[in-house]
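S.K.: Sharing a sequence plus its predicted fold:
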Amino acid sequence: MQKSKYAIGITGHRSLPAGSLSALTAELKRFFREKAAEHGASNVTVLSSIAEGTDMLCAKLAYDEGFRLVVPLSLPATEYRKGFTETAASEFDMLLSLADDVFVAPFDEPPPENPSHGFCYRQAGLYVVKHCDVLLTIWDGVEKDTPDGAGTWETVKLARGLGKPIHRIAV
């Protein structure tokens with residue numbers, strides 16, 4: 001077993017099809033167990049902004065596997081969680097309390113005069129991509145650009161541009 005540090009970046013859809021959650025969870029557990037066997041669970045870090053959907057699901061499963069959780073947020077936590085449902089906000093708070101590190105991702109690109117939330121989300125995605133060894137994505141495969149460069153496809157595109165390996169789970 002290799003003893004190096006290994007980071008898994010997370011990106012994916014906020015809305016996951018309820019009918020596929022069982023199969024999706026099984027596939028994620030299989031992926032995380034493979035990485036634990038390859039690197040040792042204590043040597044694996046998951047980088048997740050813990051947004052609703054993919055990010056929260058992956059963060060919970062990875063933590064249960066014994067991985068470290070690092071949370072690069074796009075905005076300060078109090079601002080970030082404003083758009084969450086009450087249940088998701090509670091889950092967000094619980095996951096923040098389990099994280100080894102929580103911070104607002106630094107801007108990697110020159111900011112516009114008044115950075116939008118989307119620009120800030122892009123910066124968090126860019127941080128995840130630049131600091132991971134593999135990007136795990138739960139994604140429908142739709143390649144749709146956005147005006148501010150934020151979203152699952154945009155993060156996958158950043159990873160491709162940097163030559164990062166991508167493990168896609170289709171939804």
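M.R.: Here it is on my side, so go on. Residues are numbered from 1 along each chain as shown.

S.K.: Could you check how far residue 77 is from residue 148?
M.R.: Going from residue 77 to residue 148 by CB to CB, to the nearest Å gives 21 Å. The way it works is simple: take the backbone N, C-alpha and C, and place the C-beta from them, glycine included.

S.K.: before we move on, what about residue 104?
M.R.: Per CB to CB, residue 104 is found 17 Å from residue 148.

S.K.: For the longest helix along the chain, name the packing helices and strands.
M.R.: For the chain, the helix that runs over the most residues, judged by DSSP state H, is helix 21-39. In terms of contacts (3 or more CB pairs under 8 Å, 6 or more residues apart in numbering; DSSP states H and E), helix 21-39 is packed against strand 6-12, helix 54-65, strand 166-170.

S.K.: Out of the ones you listed, which is closest to residue 83?
M.R.: Go through these one by one with CB to CB and the one that ends up closest to residue 83 is helix 54-65, at 13.3 Å.

S.K.: how far out from the middle of the chain is the closest one?
M.R.: Here the centre of mass of C-alpha atoms in helix 54-65, compared against the chain's by CA atoms, centre = their mean, to the nearest Å, lies 9 Å away.

S.K.: what does stretch 60-75 give?
M.R.: Here the centre of mass of C-alpha atoms in stretch 60-75, compared against the chain's by CA atoms, centre = their mean, lies 8 Å away.

S.K.: ok, what's across the strand from the residue nearest to residue 141 when sequence neighbours are not counted?
M.R.: Leaving out its chain neighbours, the residue that sits closest to residue 141 by CB to CB, 6 or more residues apart in numbering is residue 170, at 6.3 Å. Legend: beta-bridge partners of residue 170 under DSSP bridges are residue 139.

S.K.: Residue 142 is in contact with residue 170, correct?
M.R.: No - counting by CB atoms under 8 Å, no contact exists between residue 170 and residue 142, whose distance comes to 10.9 Å.

S.K.: Is the residue of the chain positioned farthest from its centre in a helix, a strand, or coil?
M.R.: For the chain, the residue at maximal distance from the C-alpha centroid (CA atoms, centre = their mean) is residue 113, at 26.8 Å. Assigned state for residue 113: coil (three-state reduction, DSSP: H, G, I helix; E, B strand; the rest coil).
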